[in-house]
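Sharing a model prediction with you, sequence too.
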Amino acid sequence: MRNSLALRLLAVAAVWLAAALGASWWMLSTLFERHVNDTYVRQLEHQLTSLTAALDWSPDGRLQLTRAPADPRYELPYSGAYWQARAAGALLRSRSLWDTEMPEKAVHEVAGTPAEVRAGPNRQSLLVVSRSIVLASSDTPVDVSVALDRTELRAARRAFNTMLAWSLGALGAGLLLAVAAQVRFGLAPLKRLRQALAAMQARRERRLGGKWPTEVQPLVSEINTLLDDNTQALERSRRQAADLAHAVKTPLAVLANEAVSLPDPAAAAVSRQVDAMRRQVDHHLARARAAGAAAARGQRIEAGPAARELTRALARLHAARQLDMDVEGEGHFAGDRQDLVEMLGNLLDNACQWARSQVRIRLHEDAEAAVLEVLVEDDGPGMPPEARELAAARFGRLDESAAGSGLGLAIVTEIAAMYEGSLELGTSTLGGLAARLRLPAGMA
């Protein structure tokens with residue numbers, strides 16, 4: 001829960017709803033109970049008034065009723081409706097009390113009413129209203145009480161509380177669902193932001209665009225600023241690394257030329273050191289180029305022209321060998337053109353070094369999968385399966401007598417990995433090595 005904004009908001013809403021609905025249940029239940037109590041008390045007061053009007057003293061001094069109460073329950077034993085009139089030496093009671101008397105001791109009073117609760121016959125709980133009166137024919141006070149069993153009252157209260165609990169529970173569930181929908185709708189811009197960042201990661205966008213809510217727009221602006229600063233910093237680093245590498249290459253070339261004039265042991269030693277330094281320069285230059293993949297998001301360049309430009313340059317470089325170099329197909333690359341040229345250049349240069357007479361390039365773009373596949377083949381001696389892993393490793397050289405630093409295929413692998421691509425080595429249909437390069441093509 002600590003890591004989820006939605007769960008935090010839902011938890012706070014659930015706690016608040018539980019407290020609010022619980023308080024509402026208590027308040028409504030209390031109001032209903034008071035309303036029912038007041039209704040019962042008013043009914044008892046009405047019956048008490050009617051009973052009081054029917055009481056009188058007989059000529060022989062006995063307490064009597066001049067007319068029977070209208071409620072037939074007073075005639076049924078233990079019916080739950082009772083009345084009683086008590087004076088000094090006289091007791092008059094309803095037939096429903098049978099052989100018992102209404103208790104005088106109250107269990108507790110009903111707040112806000114003149115009624116009280118007393119224990120009745122057959123373990124009944126009675127709501128009792130009492131009044132002390134003086135009849136016109138005598139000064140002797142008469143205590144008159146009427147009572148009703150609270151069973152119906154409590155049953156009504158339980159039924160109301162049950163219905164109220166279900167109603168408030170349903171209301172709470174509905175409100176919680178509404179809050180969940182509100183949270184989902186309110187946090188939708190964050191989901192859009194995540195999708196936009198994922199699109200950038202997939203090289204479909206360079207910056208976060210579109211319209212954003214007021215609360216999210218400052219975050220989007222800060223992310224775009226950070227991306228711009230990062231792009232500029234990467235570009236500066238690449239330029240500095242490239243400038244440094246090229247600046248070092250010239251003195252190395254001079255040292256290599258000077259080493260020719262040295263005695264054989266010294267010349268060999270200097271040549272080895274120069275070769276090691278060249279490897280380091282090429283390695284760090286390749287890393288600087290590969291680091292630019294993160295800055296190339298959003299670019300989508302044509303791979304065909306770049307491949308044909310490289311084949312023309314290498315054909316001139318290997319003009320003496322009269323290699324047949326053929327480029328077929330078209331496609332797009334979602335990345336930096338310089339990185340594409342670096343990868344294709346290394347693959348083509350490797351193929352030209354080992355080819356006997358033919359080098360072939362096939363470009364194919366899978367629009368549905370957004371993948372560019374580049375197949376570079378030659379008709380050279382090829383490479384055994386057990387040697388292919390070494391050839392793609394840094395400074396992996398199968399033939400130390402061949403020119404180069406041993407970084408060509410490693411550079412291609414490293415740059416391709418920066419774009420979440422891959423390089424596979426296999427056997428060409430021409431008889432030599434087949435290098436299959438897979439790169440993101442981006443969205444059209």
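Thanks, I have it.

Check which residues of stretch 177-195 are buried.
For stretch 177-195, burial by neighbour count (16 or more other CB atoms under 10 Å) applies to 179, 183, 189, 192, 193. For every residue, glycine as well, the C-beta is placed using N, CA and C.

with those residues in mind, which one is nearest to residue 212?
residue 189 (6.1 Å; CB to CB).

And the closest one, how far from residue 12?
Distance of residue 189 to residue 12, given as CB to CB, to the nearest Å: 20 Å.

Equivalent analysis for residue 178, please.
Taken as CB to CB, the span from residue 178 to residue 12 is 14 Å.

Three-state assignment for the residue nearest to residue 210 when sequence neighbours are not counted, please.
Setting aside the residues directly before and after it, residue 210 is nearest to residue 196 in space (CB to CB, 6 or more residues apart in numbering), at 7.3 Å. Classification of residue 196 using DSSP: H, G, I helix; E, B strand; the rest coil returns helix.

same question, residue 146
Under three-state DSSP, residue 146 falls in the strand class.

Could you check how far it is from residue 369?
Distance of residue 146 to residue 369, computed by CB to CB: 90 Å.

Compare the two (neighbour count), which wins?
Neighbours per residue (other CB atoms under 10 Å) separate residue 146 from residue 369, with residue 146 holding more: 31 against 11.

in this protein, which spans are helices?
Under the criterion DSSP state H, the chain contains helices at 5-54, 151-186, 188-201, 217-259, 264-291, 303-317, 337-354, 385-391, 408-418.

got the angle between the longest one and helix 151-186?
Yep, that's helix 5-54 we're talking about. Angle of helix 5-54 versus helix 151-186, following axes from the mean of the first three to the mean of the last three CA atoms, to 10 degrees, is 160 degrees.

And for the last one?
Helix 408-418 runs at 140 degrees relative to helix 151-186, counting by the same axes, to 10 degrees.

list the helices and strands helix 408-418 packs on?
helix 264-291, helix 337-354, strand 422-427, strand 433-440 (3 or more CB pairs under 8 Å, 6 or more residues apart in numbering; DSSP states H and E).

And the contacts of the shortest one?
Put plainly, it is strand 422-427. Contacts to strand 422-427, defined as CB atoms under 8 Å, 6 or more residues apart in numbering, come from residues 382-383, 388, 391-392, 409, 412-413, 416, 433-438.

which of the residues you listed has the most neighbours?
With neighbours set by other CB under 10 Å, the maximum within these is found at residue 435, which has 27 neighbours.

Run through the residues that contact that residue.
Counting by CB under 8 Å, 6+ apart, residue 435 makes contact with 347, 350, 351, 375, 376, 377, 409, 412, 423, 424, 425.

mind redoing it with 7 Å?
Residues near residue 435 by CB atoms under 7 Å, 6 or more residues apart in numbering: 347, 376, 423, 425.

Check residue 438 too.
By CB under 7 Å, 6+ apart, the contact set of residue 438 is 371, 373, 421, 422.

Tell me how far it lies from residue 50.
100 Å.

One more: residue 178?
Remark: distance between residue 178 and residue 50 (CB to CB) = 53 Å.

Could you do residue 102 as well?
When distance is defined by CB to CB, residue 102 is 17 Å away from residue 50.

do you know which of the helices of the chain lies nearest residue 94?
For those, the distance to residue 94 is smallest for helix 5-54, at 9.3 Å, taking CB to CB.

so for that closest one, what's the average pLDDT?
If you average the pLDDT over helix 5-54, you get 90.

and the angle from that helix to helix 188-201?
If you take the same axes, to 10 degrees, helix 5-54 sits at 170 degrees to helix 188-201.

For helix 5-54, which helices and strands make contact with it?
If you count contacts as 3 or more CB pairs under 7 Å, 6 or more residues apart in numbering; DSSP states H and E, helix 5-54 packs onto strand 125-134, strand 141-149, helix 151-186.

how much does the last one deviate in direction from strand 125-134?
Using the same axes, to 10 degrees, the inter-axis angle of helix 151-186 relative to strand 125-134 is 120 degrees.

Could you list the buried residues of helix 151-186?
Using 16+ other CB under 10 Å as the test for burial, helix 151-186 gives 153, 157, 160, 164, 168, 172, 175, 179, 183.

Packing partners of that helix?
Judged by 3+ CB pairs under 7 Å, 6+ apart, helix 151-186 is in contact with helix 5-54.

how big is the angle separating the helix it packs on from strand 141-149?
Angle of helix 5-54 versus strand 141-149, following the same axes, to 10 degrees, is 140 degrees.

quick check, distance from helix 5-54 to the centre of its chain.
When C-alpha coordinates are averaged (CA atoms, centre = their mean, to the nearest Å), helix 5-54 and its chain have centres 40 Å apart.

Tell me which residues touch the nearest residue to residue 341 once chain neighbours are set aside, please.
Ranked by CB to CB, 6+ apart and with sequence neighbours excluded, the top spatial neighbour of residue 341 is residue 306, at 5.6 Å. By CB under 7 Å, 6+ apart, the contact set of residue 306 is 337, 340, 341, 344.
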